[in-house]
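Asks: give me a 3D structure for the following:
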Amino acid sequence: MDIFDVLTLIGGLCLFLFGMNLMGDALERSAGSKLEIMIG
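Replies: Residues are numbered from 1 along each chain as shown. The predicted model follows:
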């Protein structure tokens, strides 16, 4: 396992976490108001 493999692993992990964050924000924007109405 050389340095290129380590950098590829770190890059893939960062891309995955960025995608999860983006998806979470989009879900919060699309369903946030409906969820607040249901809870309240």
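
Asks: every contact and neighbour count from this point should use C-alpha atoms.
Replies: OK.

Asks: element containing the residue nearest to the spatial centre of the chain, please.
Replies: Here the mean C-alpha position of the chain is nearest to the C-alpha of Met20 (Cα atoms, centre = their mean), at a distance of 1.3 Å. When elements are defined using DSSP states H and E, Met20 is found to belong to helix 3-39.

Asks: what number of residues lie near Gly32?
Replies: Other residues within reach of Gly32, judged by other Cα atoms under 10 Å, total 13.

Asks: can you pull the pLDDT of it?
Replies: Confidence at Gly32, expressed as pLDDT, is 74.

Asks: how near is it to Asp25?
Replies: Between Gly32 and Asp25 the computed distance is 10 Å (Cα to Cα, to the nearest Å).

Asks: quick revisit: quick one: contacts for the residue nearest to the centre of the chain?
Replies: With Cα atoms under 8 Å, 6 or more residues apart in numbering as the criterion, no residue contacts Met20.

Asks: kindly report the same for the one 4 residues further on.
Replies: Contact partners of Gly24, counting by Cα under 8 Å, 6+ apart, are absent.

Asks: look up how far Thr8 lies from it.
Replies: If you go by Cα to Cα, the gap between Gly24 and Thr8 works out to 24 Å.

Asks: please apply the same query to Ser30.
Replies: For Ser30, the distance to Thr8 under the criterion Cα to Cα works out to 33 Å.

Asks: centre of the chain to the helix holding Met20, how far?
Replies: 1 Å (Cα atoms, centre = their mean, to the nearest Å).

Asks: report pLDDT for Asp5.
Replies: If you check Asp5, the pLDDT there is 96.

Asks: so that it lines up with my notes, have the first residue be 18 from now on.
Replies: Got it, first residue is 18 now, which makes that one Asp22.

Asks: distance check, it against Gly29.
Replies: When Asp22 is compared with Gly29 (using Cα to Cα), they lie 10 Å apart.

Asks: show me the contacts for Phe21.
Replies: By Cα under 8 Å, 6+ apart, the contact set of Phe21 is empty.

Asks: for Ala48, see how far away it is.
Replies: The spacing between Phe21 and Ala48, counted by Cα to Cα, is 40 Å.

Asks: so which bits of stretch 47-57 are buried?
Replies: Going by neighbour count (16 or more other Cα atoms under 10 Å), nothing in stretch 47-57 comes out as buried.
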